[in-house]
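Trainee: take this sequence and fold it.
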Amino acid sequence: MKVLWREMLRIRRFEEMVASQYAEQEMRCPVHLSVGQEAIAVGVCSQLEPEDLVYSNHRAHAHYLAKGGDMTALIAEFYGLENGCVGGWGGSMHLMDLKAGFAGSTPIVGGTVPIATGAAWAQKLKQSSACTVSFLGDGCFEEGGVAESLNFAALHQLPILYVLENNLYSVYTPLEKRQPPRELYKVAEAMGLKSLKGFGNDLEEVLPLVEQALKWIRSGEGPVFLELSTYRWPEHCGPNDDDHLGYRPEGELQRWQARCPIQLAQVNLGIDEIERSQIEAEVKQEIEKCWQQALEGGIPKAENMETNVYA
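Mentor: Numbers count the residues shown, from 1 in each chain. All right, here's what the predicted structure looks like:
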């Protein structure tokens with residue numbers, strides 16, 4: 001469990017480094033940070049096998065790192081360098097690392113959900129033991145392709161886990177202004193999927209839910225939908241705090257920060273400040289080393305534009 005706490009801290013410190021360096025304007029792409037949501041990525045990906053596939057969305061860094069993606073290659077991708085995970089052509093929102101089983105992310109809301117569903121269909125046709133994980137946000141429930149994907153997965157009993165990171169907002173608009181009163185996991189349940197719900201900031205609550213879901217999937221019982229409540233701390237897109245804009249109720253951000261997944265896990269695991277300081281130093285050293293190595297990459301060459309294009 002302490003290894004998982006370290007991974008959450010690693011992801012947090014990595015994204016804080018992204019935020020601190022972004023003002024230099026050398027990362028020529030938008031960034032969507034997952035600060036405050038780390039327990040979900042780690043809780044899910046820590047229980048996956050190397051051959052399992054993960055598909056993500058615009059807020060993909062945590063998923064990428066938690067699945068075993070290369071940190072140096074991720075940093076280089078932000079800077080548009082040829083040693084990036086997709087050769088410097090994709091930026092923050094178009095990530096892929098097939099060696100790690102990270103099959104792709106896109107900024108299109110709900111865009112990877114049908115693709116992940118198709119991958120699960122392929123796994124079933126091949127009689128593979130692997131499963132697919134599709135990370136999605138609450139805004140995806142306003143996209144028709146998501147409903148169609150859930151229906152198809154339930155109909156064909158596909159080996160896929162849909163993980164809804166419900167952080168309550170789509171850009172500046174709260175969930176209650178976009179959708180009628182309902183529990184989203186119940187929508188998936190009504191479509192024929194086994195569905196679970198939990199508090200996504202508590203690693204100890206996330207882990208058994210994911211374990212149960214994967215047990216069902218791997219035993220051939222079809223797709224599972226898992227809704228996990230959480231909250232993003234920074235602005236929707238970018239490195240800054242935007243609480244002054246007033247779209248969040250006063251005090252809401254602070255209440256969620258008091259439920260920090262990293263602090264909660266530290267207390268639950270009994271990690272003292274001496275141990276934390278040691279791990280902090282190790283993580284800092286790793287990130288700085290990866291950053292330095294990433295910036296040694298060159299500019300992508302025009303003749304390599306189609307190297308990482310799939311059709």
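Trainee: just the strands in the stretch 201-311 of the chain please.
Mentor: Counting by DSSP state E, counting those that start in this stretch, the stretch 201-311 of the chain has strands at residues 224-229.
Trainee: pLDDT below threshold where in it?
Mentor: Applying pLDDT under 70 to the stretch 201-311 of the chain flags the ranges 308, 310-311.
Trainee: now with 80?
Mentor: Scanning the stretch 201-311 of the chain for pLDDT under 80 picks out the ranges 307-311.
Trainee: residue ranges for the helices of it, please.
Mentor: Remark: helices assigned in the stretch 201-311 of the chain by DSSP state H, counting those that start in this stretch are 203-218, 252-257, 261-269, 273-294.
Trainee: so who does the most centrally placed residue in the chain touch?
Mentor: The chain has His63 as the residue nearest its centroid, 3.5 Å off, counting by Cα atoms, centre = their mean. Counting by Cβ atoms under 8 Å, 6 or more residues apart in numbering, His63 makes contact with 41, 45, 54, 56, 102, 105, 135. Just so you know, the C-beta spots here come from the backbone N, C-alpha and C atoms, and that holds for glycine as well.
Trainee: nearest residue to the second one other than its sequence neighbours?
Mentor: Okay, so that is Cys45. Once flanking residues are discounted, Cys45 sits nearest to Ala66: 3.7 Å by Cβ to Cβ, 6 or more residues apart in numbering.
Trainee: the one you found and Ala41 touch, don't they?
Mentor: Yes: under the criterion of Cβ atoms under 8 Å, Ala66 makes contact with Ala41 at 4.1 Å.
Trainee: these two: which has the busier surroundings?
Mentor: More crowded of Ala66 and Ala41, by other Cβ atoms under 10 Å: Ala41, with 29 against 26.
Trainee: now the more buried one, what's its secondary structure?
Mentor: helix (DSSP: H, G, I helix; E, B strand; the rest coil).
Trainee: and it, how close does it get to Trp89?
Mentor: For Ala41, the distance to Trp89 equals 24 Å [Cβ to Cβ, to the nearest Å].
Trainee: what of Gly192?
Mentor: Distance of Gly192 to Trp89, computed by Cβ to Cβ: 39 Å.
Trainee: do the same with Ile217
Mentor: 33 Å.
Trainee: those two: which has the busier surroundings?
Mentor: Under the criterion of other Cβ under 10 Å, the comparison of Ile217 against Trp89 puts Ile217 first, with 23 against 17.
Trainee: return the residues in contact with the more buried one.
Mentor: With Cβ under 8 Å, 6+ apart, Ile217 has these contacts: 131, 159-161, 223-224.
Trainee: quick one: which of those residues is nearest Arg12?
Mentor: Set against Arg12, the nearest of the contacts of Ile217 by Cβ to Cβ is Leu161 (23.9 Å).
Trainee: can you tell me the SS state at that closest one?
Mentor: Once three-state DSSP is applied, Leu161 turns out strand.
Trainee: you'd agree Ile160 is up against Pro114?
Mentor: No: applying Cβ under 8 Å as the test, Ile160 and Pro114 come out as separate, 11.2 Å apart.
Trainee: re the thing from before, ok, and the closest non-adjacent residue to the residue nearest to the centre of the chain?
Mentor: Ser56 (4.3 Å).
Trainee: show the pLDDT at that neighbour.
Mentor: What the model reports for Ser56 is a pLDDT of 98.
Trainee: thinking again about what came up before, what sits in contact with each of Ala66 and Ala41?
Mentor: Common neighbours of Ala66 and Ala41 (criterion: Cβ under 8 Å, 6+ apart): Ile11.
Trainee: what about Val133, which helix or strand?
Mentor: When elements are assigned from DSSP states H and E, Val133 belongs to strand 132-137.
Trainee: and the following helix or strand past that strand, how far from the chain's centre?
Mentor: Per DSSP H and E, the first helix or strand lying C-terminal to strand 132-137 is helix 144-156. Helix 144-156 sits 21 Å away from the centroid of its parent chain (Cα atoms, centre = their mean, to the nearest Å).
Trainee: which positions in helix 144-156 come out as buried?
Mentor: 145-147, 149-150, 152-154, 156 (16 or more other Cβ atoms under 10 Å).
Trainee: how about stretch 264-280?
Mentor: For stretch 264-280, the neighbour count (16+ other Cβ under 10 Å) marks 264-266, 271, 279 as buried.
Trainee: thank you, goodbye.
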